[in-house]
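# Build the 3D model from these lines:
(chains A, B, C and D)
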Number of protein chains: 2
Amino acid sequence: MSTSTTDEEDRIDAVVKALNILEALWQADGAGVTALAERTGLAKSTVHAHLTTLRSKGYVVQEDDEYRLSLRFLSFGEHVKHAEPLYAASETPIAELSERVGERVLCSTHQNGLGTVVNVSEGTRSFTSDIDVGTHTYLHSSAGGKAMLAHFSEERIDRIIDEWGLPVFTEETIGDRDALVDELAAVREAGVAYSRGEYLQGISAIAAPIRDTDGTVYGAVTVAGPDHRLANEWEDRDLCTQLLSTANTIEVNLLFS
Amino acid sequence: MSTSTTDEEDRIDAVVKALNILEALWQADGAGVTALAERTGLAKSTVHAHLTTLRSKGYVVQEDDEYRLSLRFLSFGEHVKHAEPLYAASETPIAELSERVGERVLCSTHQNGLGTVVNVSEGTRSFTSDIDVGTHTYLHSSAGGKAMLAHFSEERIDRIIDEWGLPVFTEETIGDRDALVDELAAVREAGVAYSRGEYLQGISAIAAPIRDTDGTVYGAVTVAGPDHRLANEWEDRDLCTQLLSTANTIEVNLLFS
DNA sequence: ATCGACGTTCAGCAGAGCGGAACGATTTTA
DNA sequence: TAAAATCGTTCCGCTCTGCTGAACGTCGAT
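Residues are numbered from 1 along each chain as shown, chains lettered A, B, ... in the order given. Presented below is the predicted three-dimensional model:
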């Protein structure tokens, strides 16, 4: 996932630099001053000053000759997770769905034109993947993202495309604006969105939007699994029905929170 | 929990200010510019500039006339959680223990002289509390913290007391250095640490340290519950045995990770 | 219609943050 | 064993950036 917006409205340089260092530290899973300086394009002394600051505030720890993100981020992470209504509302429903269909079920939402996975329930047949709670995704290249996008206004979709573009990940990824608009119309028609390897080769998914009565889009539920299993099953009306039922349950849960 | 160290080695002002704003935003669970300016003691325009920066980098979102932490922190949170070996190593053992004893079981570790809850497993009789994954705790005022402290060197204990002090939360909290040293000797003797309402009134806990063969302290397992249940049970050798067995299982798991 | 509270914008000055070079300490190569 | 490379850290001066206080525009409440 891209680590910085294309927006040049960044105002405070020092803060942007500190955040870039944190992001680099996150991607590298711990690193030394020199490595971070290369990765961020800053002078070693600058990186050092930032790391000292971050360490004294407890956001970074220094051990085994490298700096790492500290457990303080755990507080923030848990905080935003529980502050997100979808988290509690989806917990039980997606657990039931994943048990029933045996595949991995995800619940995601959107923020700043990107998707974020809020909750995951593993199925008995779950595959390994790097998609987990907290993972950011582009909205155009995943089933859940398309399920959400389909119910946005056209201007909003344009703004998102302007900001994030339509990066292509596999041969199946929709990289063209007009093709995407057509696809979204089909999604609205069908009520669910499909992805056959549009983000990860060999992985298919079906997703349903989670919406309010007034049309506000809160998120999406996604069932994901290997092509060969899901591609056969999604002809199956039953999977769609269960998926929509789960989405509806979450919608109802959201009303009482 | 205190939001800033007593250490005055902070180097980059702008970053410190940005972090203070994030912390204020976290504590307030979303707030406006004016409220944040009051809380942090900065000028409104300064807060605004920082929020603009943080928003453009995607760390903060603006909705319903207030700013909130964004879901980006979810990535960081999950990252540090999975990077912490204790998380995976404790998952199964504490689930089994909480099922057996019916109380809440926590696994915590230490960083910068503070404790952090890494994993929690609810028991059937779990009480509600504000202690959750990611919660920071002082080491002197909790069972888990004392279990860890007891196996630190005396100089290290002194350094921690110097940095964080011995704040008193209830009538039972140990606020005196010498009393703490005596207590820690008793903990070493017993192999487990007790807390009877030393942090939260009415809540007792028993904890065992998680250590390496060379004595390195990785963390602690804690069983927590209401006074009236645990106070009776901890005479019971059986609870201690199960606790120590769980701690040992985690220690073994750590060796194979 | 008036007032108050809020988020936002503006401009100028003080001082803070940045980079380049140098320093010790440690490890790797010859 | 000595030399050379690499790393983290420190220092210093210059430029430019971040900070503040005041002013502006907008919304809601009175």
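# so what pLDDT did residue A:6 get?
At residue A:6, the pLDDT value in this model is 42.
# same check, this time on residue A:65
82.
# OK, contacts around it?
Residues in contact with residue A:65 (CB atoms under 8 Å, 6 or more residues apart in numbering or on different chains) are residue A:32. Placement of C-beta: from N, CA and C, glycine included.
# Can you pull out the low-pLDDT segments for the stretch 101-250 of chain A?
Scanning the stretch 101-250 of chain A for pLDDT under 70 picks out the ranges A:233-235.
# Single out the residue in it that lies closest to DNA strand D.
For the stretch 101-250 of chain A, the residue closest to DNA strand D is residue A:214, as judged by CB to the nearest atom of the strand, at 17.6 Å.
# How many residues are close by that residue?
Per other CB atoms under 10 Å in any protein chain shown, the neighbour tally for residue A:214 reads 5.
# Likewise for residue A:60?
23.
# For it, give its distance to residue A:21.
Distance from residue A:60 to residue A:21, counting by CB to CB, to the nearest Å: 9 Å.
# what residues are shared contacts of these two?
A:51, A:54.
# just checking, what packs against the helix or strand hosting residue A:206?
Per DSSP states H and E: residue A:206 is located in strand A:203-211. Where contact means 3 or more CB pairs under 8 Å, 6 or more residues apart in numbering or on different chains; DSSP states H and E, strand A:203-211 is packed against helix A:143-149, strand A:193-196, strand A:217-226, helix A:227-233, helix A:237-255.
# Sheet partners, orientation included, of it?
strand A:193-196 (antiparallel), strand A:217-226 (antiparallel) (DSSP bridges).
# I'd like the distance from stretch A:84-95 to the chain centre, please.
Stretch A:84-95 sits 16 Å away from the centroid of its parent chain (CA atoms, centre = their mean, to the nearest Å).
# related to what we said a few turns ago, what inclination does the strand holding residue A:206 have with respect to helix A:237-255?
Orientation check (axes from the mean of the first three to the mean of the last three CA atoms, to 10 degrees): strand A:203-211 against helix A:237-255 gives 40 degrees.
# follow-up on the earlier one: could you dump the strands paired with strand A:203-211 to a markdown table with mean neighbour count and distance to residue B:86?
As requested, these are arranged in a markdown table below (neighbours: other CB atoms under 10 Å in any protein chain shown; distance: least, CB to CB, whole Å):
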| stretch | mean neighbour count | distance to residue B:86 |
| --- | --- | --- |
| strand A:193-196 | 22 | 36 |
| strand A:217-226 | 26 | 29 |
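# still on that earlier bit, to DNA strand C, which of the helices and strands packed on strand A:203-211 lies closest?
strand A:217-226 (22.9 Å).
# CA atoms only: put that closest one into PDB for me.
Provided in PDB are the C-alpha atoms of strand A:217-226 (Å, rounded to 0.1, in the frame of the first residue of the first chain):
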ATOM      1  CA  VAL A 217     -22.300   3.200   3.000                       C
ATOM      2  CA  TYR A 218     -20.700   1.900   6.200                       C
ATOM      3  CA  GLY A 219     -18.700  -0.900   4.800                       C
ATOM      4  CA  ALA A 220     -18.800  -4.400   3.200                       C
ATOM      5  CA  VAL A 221     -18.700  -8.000   4.100                       C
ATOM      6  CA  THR A 222     -16.400 -10.200   1.900                       C
ATOM      7  CA  VAL A 223     -16.100 -13.900   1.500                       C
ATOM      8  CA  ALA A 224     -12.700 -14.800   0.000                       C
ATOM      9  CA  GLY A 225     -11.100 -18.000  -1.100                       C
ATOM     10  CA  PRO A 226      -9.100 -19.700  -3.900                       C
END
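# and whatever residue of chain A ends up closest to chain B, what does it touch?
Residue of chain A nearest chain B, by CB to the nearest CB: residue A:77 (1.5 Å). Contact analysis of residue A:77 by CB under 8 Å, 6+ apart lists A:134, B:73, B:74, B:75, B:76, B:77, B:78, B:80, B:81, B:134.
# Go again with 7 Å.
B:73, B:74, B:76, B:77, B:78, B:134 (CB atoms under 7 Å, 6 or more residues apart in numbering or on different chains).
# deepest of the helices and strands packed on strand A:203-211, which one?
Mean neighbour count, computed with mean count of other CB atoms under 10 Å in any protein chain shown, is highest for helix A:143-149 among those, reaching a mean of 28.
# what's the following helix or strand after it?
Assigned by DSSP H and E, the successor of helix A:143-149 is helix A:154-164.
# Work out the gap between that next one and the centre of the chain.
That offset, for helix A:154-164, works out to 17 Å (CA atoms, centre = their mean).
# Report all helices and strands that the helix or strand just after it contacts.
Using DSSP H and E, the helix or strand that follows helix A:154-164 towards the C-terminus is helix A:177-190. Applying 3 or more CB pairs under 7 Å, 6 or more residues apart in numbering or on different chains; DSSP states H and E, one finds that helix A:177-190 contacts helix A:143-149.
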